[in-house]
Each structure stands twice: as structure tokens, then as C-alpha cells.
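**Student:** sequence and predicted structure, then a few things I'm wondering about:
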Number of protein chains: 2
Amino acid sequence: MSLSEIAAVNRQFEDAARKGDLDRLASLYTSDAIALPPDGPVVKGRDAIKQMWGTVAQQLGLKEVQLQTLDFEQAGDTGCEVGEATLALASGTAVAKFVVVWKKIDGQWRLHRDIWNTKGA
Amino acid sequence: MSLSEIAAVNRQFEDAARKGDLDRLASLYTSDAIALPPDGPVVKGRDAIKQMWGTVAQQLGLKEVQLQTLDFEQAGDTGCEVGEATLALASGTAVAKFVVVWKKIDGQWRLHRDIWNTKGA
């Protein structure tokens, strides 16, 4: 069941974020992944995404991320997740909404497209 | 070729936005589409998306949208587009990045998941 496989990768993502392990975080993306963080340019590829997460984590004082899947649809080796991320930051708690397009590569689900924005009040 | 089919729907989207035709704009989404506008909650379904666009267009003073596809990957009857939207607003020009997950329904490509954020300086 792909939803449970994706949940398992999301737990790895949370764990890597908590530990500040940028290499592990980046390894959860496909090699040709694209991330679209708010207030910044399009970020292409694992190395650039690793750098982006380092900058974002430092700027926000990111301590912890909790990912919650609201919706998941699969089409073969790709899947589309809609979810919410609760972020523990230096300034307090923030909630973001996200869409992740997943791709199964060599039997493992990886983040292929990752975009988020703020949920607001 | 699906990319040209999607480009055609994007031109319809631009035209509907320019004319403030919210019914037509909403009709370009699937009936169970999910939109994730910045600074707001998750918006589910065509009616709610129509309302959301009415509110967003009014709040921003939206005059025109230009959509540019940066990347498109297809998997059967779904496709994932990464792009940029240039918005003519009452306050000037703004650029947003977006991911749209497309779904082919009854032979027509429709926006199924739609999320965007600001590009920043």
C-alpha cells in the first residue's frame, strides 16, 4: 500500500529535519526533483534542494516538522499528496499547506515535486 | 500531445481571468479539485474554488494572468506542471510559482490540484 510507504518516508523526513541531517533530507528527493519554497526561486536537483533546506532551516530556526497527509492519489509510479506541515520554529509554531508529487524510483517513493505556502490565520 | 492540450487550457484560464469569468475559470478544474492559495485554508471542490478566485481577484485587484510552463511530466491520464504566473494587479506586477497536477476527465485536461506561492525578489 503506497500510502503507508509514503507515510514511512514522511517519518524519515521528519526525523532528518529534527536532526538537521540535510544529506538524509535531500536523499528523500529524486535526483531531478524540483522544490518551490515561498519567496524564492524554483530549486532544481538534490544538491540545490539540500542547500535550500539548510538556508530555510537556519532562517526560520526550524526545530521540528510534523507532516500530515490530507489526500493522496496514485497513478502507477507517481502519486500526489496534499497535506499540512506543522513547524516548530524559533518564533513559535507555524502551519504550512503543501502538495508533494511522489515518484517511485528503484522501488522507493521519493519526493519529486515539493511546493508549500502558509495556511494563514 | 498533452503539453499543447494543457497550454490550450492555460490560455482559456488566462482569458477567463482577464474577463473575470469565474464560472469558466471554475469549469477548468475537476469537480473534486483542491486549490491551495497562500495565506488561506485548503479549498476543495469547484464551487469553493470559484468563490476563492472571486475573493482573490477582488483582494488583489487582479487584471490579468500569464501562465508559463517550466516543466511538464505526464503519467497516463495525470500530469504535473511546474510553472510561473505573471500577475497584473492593482498594485503592479507580481510573479508566482505554481505546481498544477492535471487530470484528464472525459478527454479533457482539467486542473486537479493547484498550489502557488510568491517568487520573491
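**Tutor:** Structure received. Residues are numbered from 1 along each chain as shown, chains lettered A, B, ... in the order given.
**Student:** figure out how far the helix or strand where A:Leu25 lies is from the centre of its chain.
**Tutor:** When elements are assigned from DSSP states H and E, A:Leu25 belongs to helix A:22-27. Helix A:22-27 sits 11 Å away from the centroid of its parent chain (Cα atoms, centre = their mean, to the nearest Å).
**Student:** A helix includes A:Leu3, no?
**Tutor:** Yes - the assignment for A:Leu3 (DSSP: H, G, I helix; E, B strand; the rest coil) places it in a helix.
**Student:** quick check: nearest residue in space to it, chain neighbours excluded?
**Tutor:** What sits nearest to A:Leu3 in space, not counting adjacent residues and going by Cβ to Cβ, 6 or more residues apart in numbering or on different chains, is A:Phe72, at 5.2 Å. All C-beta spots, glycine's among them, are computed from the backbone N, C-alpha and C.
**Student:** name the helices or strands packed onto the host helix or strand of the one you found?
**Tutor:** Element membership for A:Phe72, per DSSP H and E: strand A:64-75. The helices and strands touching strand A:64-75, judged by 3 or more Cβ pairs under 8 Å, 6 or more residues apart in numbering or on different chains; DSSP states H and E, are helix A:2-19, strand A:78-89.
**Student:** and the ones you listed as TSV, adding mean neighbour count and mean pLDDT?
**Tutor:** As requested, the helices and strands packed on strand A:64-75 are arranged in TSV below (neighbours: other Cβ atoms under 10 Å in any protein chain shown; pLDDT from 0 to 100):
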stretch	mean neighbour count	mean pLDDT
helix A:2-19	16	96
strand A:78-89	19	97
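**Student:** and for A:Lys63, the neighbour number?
**Tutor:** A:Lys63: 13 surrounding residues under other Cβ atoms under 10 Å in any protein chain shown.
**Student:** per-residue confidence, it, what does it come out as?
**Tutor:** For A:Lys63, the model assigns a pLDDT of 95.
**Student:** I'd say it and A:Ala88 touch.
**Tutor:** Yes - contact criterion Cβ atoms under 8 Å: A:Lys63 and A:Ala88 qualify, at 4.3 Å.
**Student:** in chain A, which strand has the most residues?
**Tutor:** As assigned by DSSP state E, the longest strand anywhere in chain A is strand A:92-105.
**Student:** now the helix or strand following it: buried residues?
**Tutor:** Next helix or strand after strand A:92-105 toward the C-terminus (DSSP H and E): strand A:108-118. For strand A:108-118, the neighbour count (16 or more other Cβ atoms under 10 Å in any protein chain shown) marks A:109-117 as buried.
**Student:** try stretch A:68-79
**Tutor:** A:72-74, A:78-79.
**Student:** who touches it?
**Tutor:** Stretch A:68-79 is contacted from outside by A:2-3, A:6-7, A:10, A:80-86, A:101-104, A:109, A:112, B:34, B:42, B:73, B:75-78, B:80, using Cβ atoms under 8 Å, 6 or more residues apart in numbering or on different chains.
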